[in-house]
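K.L.:
sequence first, then the predicted structure:
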Amino acid sequence: MGVSAKREFEETDYQVTEGVIHVYHKGSSRRNVVLVHGSGCDCAMLSWKEVIRCFTEEYSVYAIDLFGYGKSSRIDDLCGDDFYDRHIKSIKETVDLIGIDNFVLAGLSMGGSISIGFAMKYPEKVKLLMPVDSWGLSRKLPFHKLNYWIMHNTDFTLKQYKLTAKYRWMAKCAISYSLIGDKSKITDEIVDEVMFACGENGAGKSMQDFQRSSCLKHRTVPFYNQKLAELEMPVWFVNGEKDALVPLKDAENASGIVKDGKLFVLKGCKHWAPKEKPEEFVNIINKFFNN
C-alpha cells in the first residue's frame, strides 16, 4: 500500500486479492461516506469530484476507482457471471484495509447495483445505502433484444469510445443526450474530462465487460426488486428526474419495496444527477445525519 503526493484529495493504493484499488479521500471525521462510480468512461473523480468538494469537515469521504477504471488495476477476464461478486469482494477488502465500518454507501449506475449487492452481503457495514440512478432496478433495457445482440455480437462499444475520444462534438452530444439535463452545466472542462476518459487505456473494454455481464437475452442482471425487502438498513434512492437510462418509475417502484425506503428526485437532472447538483446530493446525506 502506498500513498501518493498530496493533492486536492488524499490518494491511496490498496493491494487487494486481484490487484490494486485506488481511493481518493477527504476528511477525518467519524461520519464515513463511501462513493462508488458508474460504468463506461467513468471513474471516481469524474462522477464524484464535485460532490466530495461539497462535504464539510464533519465527514470523511472515500471515492473508489473500481477495477478497470481510473488508477485501479485493469483485469483482463472480469467479464462473466462473477462480475459483480468480484467487484463486491474488492470493495469489501478495500474498506477493511481502510478500517471503516458503519458507513454511508452511495453508488451511481453500475456502482449502485454493486453497492446494493454489497449491502445485501455485508449489511453490518452499511449505515445508509444510497443507490443513485442505479442499475439493477430495471428488468429490461429499451429495445432489449436489439441491444443484447449489439452488445454480444459486435464491438460497437469499443468503436464508440474511440470516436468519442476523438471528436468533441460527439462527446458533447453524448453528455447532453443522457448524462446532464441542464446544458449550461456542460462546460468545456466536463467535455475534456469525458474525452480523456474515453481515450484511456481499456475504457471501452470496461464498458463492454459491464454490458456483456449485465444483459442476458431476455432480461438484465442483476435485477434486485425481489430481494430489496431483505434490506434492513435505510435505503435512500436518488434519481434524476429526466434520466432515460434508469427511468424514474423504476426507482419509485424499488423505493416502495424496501422496508425503510425513500426516494429523492433531483429535478431536471439526467443520469449524472450528483455531478449536476452536488450540493443537493450532499444535503440529502446531511438530512440523514441530522434527523
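P.N.:
All right, it came through fine. Computed from a predicted model, the values in this text were never measured in an experiment. Numbering: from 1, shown residues only.
K.L.:
all helices of the stretch 101-250 of the chain, in order?
P.N.:
In the stretch 101-250 of the chain, the segments counted as helices under DSSP state H, counting those that start in this stretch are 110-121, 144-153, 156-166, 168-174, 188-199, 203-214, 248-257.
K.L.:
longest helix of the chain?
P.N.:
Assignment by DSSP state H gives helix 83-98 as the longest helix of the chain.
K.L.:
circling back: out of the helices of the stretch 101-250 of the chain, which one sits most buried?
P.N.:
Stretch with highest mean neighbour count among these: helix 110-121 (a mean of 25; mean count of other Cβ atoms under 10 Å). No exception for glycine: its C-beta is placed from N, CA and C like everyone else's.
K.L.:
circling back: which among the helices of the stretch 101-250 of the chain is found nearest to Glu50?
P.N.:
Shortest distance between Glu50 and the helices of the stretch 101-250 of the chain, using Cβ to Cβ, is found for helix 188-199: 9.8 Å.
K.L.:
pLDDT weak spots in this structure?
P.N.:
Flagging of the chain using pLDDT under 70 yields the residue ranges 1-6.
K.L.:
in JSON lines: the helices of the stretch 101-250 of the chain, plus distance to Asp96.
P.N.:
Shown next, in JSON lines, are the helices of the stretch 101-250 of the chain (distance: least, Cβ to Cβ, whole Å):
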{"stretch": "helix 110-121", "distance to Asp96": "12"}
{"stretch": "helix 144-153", "distance to Asp96": "34"}
{"stretch": "helix 156-166", "distance to Asp96": "33"}
{"stretch": "helix 168-174", "distance to Asp96": "37"}
{"stretch": "helix 188-199", "distance to Asp96": "28"}
{"stretch": "helix 203-214", "distance to Asp96": "24"}
{"stretch": "helix 248-257", "distance to Asp96": "28"}
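K.L.:
which one of those lies nearest to Lys92?
P.N.:
Across the helices of the stretch 101-250 of the chain, Lys92 has its closest neighbour in helix 110-121 (7.0 Å, Cβ to Cβ).
K.L.:
now do the closest one: which elements does it pack against?
P.N.:
Contact partners of helix 110-121 among helices and strands, from 3 or more Cβ pairs under 8 Å, 6 or more residues apart in numbering; DSSP states H and E: strand 31-36, helix 83-98, strand 103-108, strand 126-132, helix 203-214.
K.L.:
same thing but at 6 Å, please
P.N.:
If you count contacts as 3 or more Cβ pairs under 6 Å, 6 or more residues apart in numbering; DSSP states H and E, helix 110-121 packs onto strand 31-36, helix 83-98, strand 103-108, strand 126-132.
K.L.:
just put the ones you listed in a markdown table and tack on distance to Gly256.
P.N.:
A markdown table is the format used below for the helices and strands packed on helix 110-121 (distance: least, Cβ to Cβ, whole Å):
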| stretch | distance to Gly256 |
| --- | --- |
| strand 31-36 | 24 |
| helix 83-98 | 24 |
| strand 103-108 | 20 |
| strand 126-132 | 14 |
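K.L.:
out of these, which gets nearest to His25?
P.N.:
Ranking those by proximity to His25 (Cβ to Cβ) places helix 83-98 first, at 8.1 Å.
K.L.:
chain center to the closest one: distance?
P.N.:
Relative to its parent chain, helix 83-98 has a centroid offset of 14 Å by Cα atoms, centre = their mean, to the nearest Å.
K.L.:
may I have that helix as PDB, with CA atoms only?
P.N.:
What follows is helix 83-98, C-alpha atoms only, in PDB (Å, rounded to 0.1, in the frame of the first residue of the first chain):
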ATOM      1  CA  PHE A  83     -18.500  -9.800 -12.500                       C
ATOM      2  CA  TYR A  84     -20.500  -8.300  -9.600                       C
ATOM      3  CA  ASP A  85     -19.200 -10.700  -6.900                       C
ATOM      4  CA  ARG A  86     -15.600  -9.700  -7.800                       C
ATOM      5  CA  HIS A  87     -16.300  -6.000  -7.600                       C
ATOM      6  CA  ILE A  88     -18.100  -6.500  -4.300                       C
ATOM      7  CA  LYS A  89     -15.200  -8.500  -2.900                       C
ATOM      8  CA  SER A  90     -12.700  -5.800  -4.000                       C
ATOM      9  CA  ILE A  91     -14.700  -3.100  -2.100                       C
ATOM     10  CA  LYS A  92     -15.000  -5.300   1.000                       C
ATOM     11  CA  GLU A  93     -11.300  -5.900   1.000                       C
ATOM     12  CA  THR A  94     -10.700  -2.200   0.500                       C
ATOM     13  CA  VAL A  95     -12.900  -0.900   3.300                       C
ATOM     14  CA  ASP A  96     -11.400  -3.500   5.600                       C
ATOM     15  CA  LEU A  97      -7.900  -2.200   4.800                       C
ATOM     16  CA  ILE A  98      -9.100   1.400   5.300                       C
END
